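Engineer: make a model of this:
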Amino acid sequence: MKLVNIKKTVVNIGGSFILLLSLFGVVTTAQAAVIKTDIVMIVDESGSMGSVQTNLRNNIGLFASILTAGGVDANFALVGYGNSAVVPRVLTDFTSASDFAVAAGNLVASGGTEPAFDASGFALNQPLVNYGAIAVEANLSFRTDAVSNLILFTDEDSNGDRDFDASGVDSLLKQANALFNVVLDFAYPELVDLAVNNGGQMFDLSLMNSTDQTVVEQFVTDFANEKLQETLDFCATNPNDPACQNVSVPEPAVVILFGAGILLLMRVRRH
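Structural biologist: Sure, this is the predicted structure:
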């Protein structure tokens, strides 16, 4: 699924116009409060995921820098699932991008059963009770004033789940008011629906699985910008959420100027 579309083109044009106006003192931008977000990367550890894992580890810094530049304070946690032991596991609680990269070095590619629904419930701190005599718990330290973000990377549909199905995970996501995205090699309907119904979308895993680092870096850049916009949109839609209490939203005047900019550009093109 390509990320480049006409919406982005319009946004880029409008953004450039507003930037131009601000340079000439026509528009002044208010200093907005930083939005906090806690991002859990849920990564398939089956035998075919080695390159994706390496590319994620090597590019998490780029991903984080784009969020930071956009006014988002992001922490990252890592959950692996589907290795030879199958059971989901925490490789790191929420931490910096650099420490996440270190933890990602412990991902493996050794399994063949990928219970993505169980891994997603686990990442939302729900106990897994059917993987042994003792319940398995993640106990991730989500901040109460941060937007919760889950991102699932897999090249298989969810299989071998013991505790959760798609509807169960959907309910958990809505209870947590969490965003959910999937990075897949195929549009597995239940996983895609989970993303679409919880503020996210599907992204193309093949771009993250490429051996061409230019392709990988472009994907990570586009993906990070999409996640940045999703997080900003979340606070525009949920202004009363604890993560959004002190966050500024665009003023109507900016929207008017944006529209004026588009009209101006259209008139220039006609001439």
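Engineer: now A187, nearest residue through space, not along the chain?
Structural biologist: M202 (6.2 Å; Cβ to Cβ, 6 or more residues apart in numbering). (C-beta placed from N, C-alpha, C; glycine too.)
Engineer: check which residues of the longest helix along the chain are buried.
Structural biologist: Taking DSSP state H as the criterion, the chain has its longest helix at helix 213-237. Using 16 or more other Cβ atoms under 10 Å as the test for burial, helix 213-237 gives 216, 219-228, 230-232, 234-235.
Engineer: where along this structure do the strands fall?
Structural biologist: Counting by DSSP state E, the chain has strands at residues 35-44, 72-81, 89-95, 147-154, 179-184, 202-204.
Engineer: parallel or antiparallel, which strands does the shortest one pair with?
Structural biologist: Think strand 202-204. Strand pairing for strand 202-204, using DSSP bridges, gives strand 179-184 (parallel).
Engineer: which parts of the chain are helices?
Structural biologist: Along the chain, counting by DSSP H, helices occupy 6-23, 50-69, 97-104, 116-123, 166-176, 189-196, 205-208, 213-237, 252-270.
Engineer: and the longest one, what does it pack onto?
Structural biologist: Translated: helix 213-237. strand 35-44, helix 50-69, strand 72-81, strand 147-154, strand 179-184, strand 202-204, helix 205-208 (3 or more Cβ pairs under 8 Å, 6 or more residues apart in numbering; DSSP states H and E).
Engineer: quick revisit: nearest to N55, of the strands of the chain?
Structural biologist: N55 lies closest, by Cβ to Cβ, to one member of those: strand 147-154, at 9.9 Å.
Engineer: angle of that closest one against helix 50-69?
Structural biologist: Computed by axes from the mean of the first three to the mean of the last three Cα atoms, to 10 degrees, the angle separating strand 147-154 from helix 50-69 equals 160 degrees.
Engineer: which stretches of the chain have low pLDDT?
Structural biologist: 1-32, 248-271 (pLDDT under 70).
Engineer: mind running it again at 50?
Structural biologist: The model of the chain has pLDDT under 50 over residues 1-31, 249-271.
Engineer: what number of residues lie near Y81?
Structural biologist: Neighbourhood size, Y81 [other Cβ atoms under 10 Å]: 28.
Engineer: which residues does it bridge with?
Structural biologist: With DSSP bridges as the rule, Y81 is bridged to D44.
Engineer: who's in contact with D118?
Structural biologist: Counting by Cβ atoms under 8 Å, 6 or more residues apart in numbering, D118 touches Y81, P88, L128, D161, R162, D163, F164.
Engineer: by neighbour count, which of those residues wins?
Structural biologist: That'd be Y81 among the contacts of D118, by other Cβ under 10 Å, with 28 neighbours.
Engineer: so who does that residue touch?
Structural biologist: Going by Cβ under 8 Å, 6+ apart, Y81 touches 42-45, 87-89, 114-116, 118-119, 122.
Engineer: and the gap between it and G160?
Structural biologist: Distance from Y81 to G160, counting by Cβ to Cβ, to the nearest Å: 10 Å.
Engineer: of the strands of the chain, give the one that comes closest to A195.
Structural biologist: Nearest of the strands of the chain to A195, taken as Cβ to Cβ: strand 179-184 at 4.7 Å.
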